[in-house]
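Q: Model the following, please.
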Amino acid sequence: DALHHHYPTLTDVWPLTPLQAGLLFHHELTSQALDTYVVQLVLDIDGPLDPDRLRDAADTLLGHHPNLRAAFGHTPDGTPIQIITPATLPWNHHDLSDERDGTVAHDIVTTDRTTAFDLTAPPLLRLTLITHGPTHHQIALTHHHILLDGWSTPLLLHELLQLYEHHADPGAVPRPLPYRRYLEWLTQQSLEESRAAWADVLDGLEGPTILLPSARGRVPSTFPDEYRVSLSREHTDGLRTVARTHDLTLHTIL
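A: This is a model prediction of the structure:
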């Protein structure tokens with residue numbers, strides 16, 4: 001009853017994966033003004049782009065995947081859950097055709113990147129389109145990591161572009177396997193066996209495998225620094241091959 005009170009149009013309630021539960025725990029520990037698990041992907045588009053068509057494609061994508069419309073919270077006994085509800089994609093379009101130095105566009109993207117999500121208010125992704133001219137655009141896709149990871153983001157982007165190309169026709173993208181089916185499978189796995197497997201893997205370690213000195217009692221006060229490095233197409237293809245060979249994402253390799 002309490003869930004229906006807060007989410008009167010909810011359609012389903014799911015458990016969380018272990019990684020999602022960890023991300024929810026981290027989110028609740030840190031300052032709501034700074035969430036380092038807010039992820040942003042910015043695409044530069046050369047060529048004409050129809051804003052209304054892009055927005056329709058994004059809305060169709062959101063309707064296509066219930067897990068993209070999840071809110072996150074807890075049951076009265078503290079069990080983490082995700083609540084699936086109808087949701088409309090937050091959308092902003094800025095026409096900066098008259099801007100010359102790029103300062104305004106940079107500020108828009110930075111503000112989008114540093115604005116935290118309320119995990120109880122879906123969807124936990126938003127789309128910003130910046131028009132620099134008839135044939136130059138930027139698309140900023142910003143989301144919370146609890147919703148998408150390095151495997152799923154490229155799939156989402158591919159579907160978004162497919163839907164744009166086919167004027168938001170749902171038949172243009174494959175019907176997805178229900179994410180709920182994976183969660184059902186996950187709940188049937190033995191927690192004891194999982195713990196035993198990890199205990200075996202980590203056997204012999206005397207402490208946390210930290211990369212940096214301990215920051216006990218401190219929480220991040222700024223976003224991580226960003227360093228830009230350009231790689232050739234050949235190096236990039238080589239890194240992708242290494243990642244796929246070892247069942248890793250390119251982000252993990254980097």
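Q: list the contacts for the spatially closest residue to residue 51 that is not a sequence neighbour?
A: The shortest distance from residue 51 to any residue other than its chain neighbours is 5.1 Å, reached at residue 93 (C-beta to C-beta, 6 or more residues apart in numbering). Every residue, glycine included, has its C-beta placed from N, CA and C. If you count contacts by C-beta atoms under 8 Å, 6 or more residues apart in numbering, residue 93 has them with 51, 55, 128, 129, 130, 131.
Q: Same check on residue 140?
A: 40, 41, 42, 43, 108, 109, 112, 113, 127, 128, 129, 130.
Q: how deep is the residue nearest to it when sequence neighbours are not counted tucked in, by neighbour count?
A: Distances taken as C-beta to C-beta, 6+ apart put residue 128 closest to residue 140, at 4.2 Å, once the chain neighbours are dropped. Residue 128 has 21 neighbours, counted by other C-beta atoms under 10 Å.
Q: tell me the SS of residue 128?
A: Using DSSP: H, G, I helix; E, B strand; the rest coil, the three-state assignment for residue 128 comes out as strand.
Q: pLDDT averaged over stretch 60-71 - what is it?
A: For stretch 60-71, mean pLDDT rounds to 96.
Q: Just the endpoints, please. Distance across it?
A: Chord length of stretch 60-71, first to last residue, is 19 Å (C-alpha to C-alpha, to the nearest Å).
Q: ok, and what's touching it?
A: Contacts for stretch 60-71 (C-beta under 8 Å, 6+ apart): 7, 11-12, 14, 82-89, 119-125, 147, 156, 159-160, 163, 168, 170, 173, 176, 178-180.
Q: now swap in stretch 177-190 and tell me
A: Contact with stretch 177-190 is made by 12, 14, 15, 17, 65, 66, 67, as judged by C-beta under 8 Å, 6+ apart.
Q: For the fourth one, give its distance to residue 45.
A: Spelled out, that is residue 17. Separation of residue 17 from residue 45 (C-beta to C-beta, to the nearest Å): 33 Å.
Q: what's residue 119 sitting at in phi/psi?
A: phi -70, psi -10 (degrees, to the nearest 10).
Q: Please look at it and residue 144 and confirm they touch.
A: Yes: in this structure residue 119 lies within contact range of residue 144 using C-beta atoms under 8 Å: 6.9 Å.
Q: Return every residue with contacts to both of these two.
A: Common neighbours of residue 119 and residue 144, counting by C-beta under 8 Å, 6+ apart, are residue 27.
Q: Which neighbours in the sheet does the helix or strand that residue 13 is a member of have, and how are they oriented?
A: Using DSSP states H and E, the element containing residue 13 is strand 12-15. The strands beside strand 12-15 in its sheet (DSSP bridges) come out as strand 80-84 (antiparallel).
Q: Over the partner strand, what's the mean pLDDT, rounded is fine.
A: Rounded mean pLDDT across strand 80-84 is 96.
Q: Stretch 196-210 too?
A: What stretch 196-210 shows for mean pLDDT is 88.
Q: do the same with stretch 41-48
A: Averaging pLDDT along stretch 41-48 yields 95.
Q: Not counting sequence-adjacent ones, nearest residue to the residue most central in space within the chain?
A: Note on the chain: the residue nearest the mean C-alpha position is residue 148, at 3.4 Å, using C-alpha atoms, centre = their mean. Leaving aside its sequence neighbours, residue 148 sits nearest to residue 156 (C-beta to C-beta, 6+ apart; 6.4 Å).
Q: Can you report how many residues lie near the one you found?
A: When neighbours are defined as other C-beta under 10 Å, residue 156 has 20 of them.
Q: Just to be sure, it is in a helix?
A: Yes: with three-state DSSP as the criterion, residue 156 is part of a helix.
Q: show me the contacts for it.
A: Residues near residue 156 by C-beta under 8 Å, 6+ apart: 61, 65, 68, 148.
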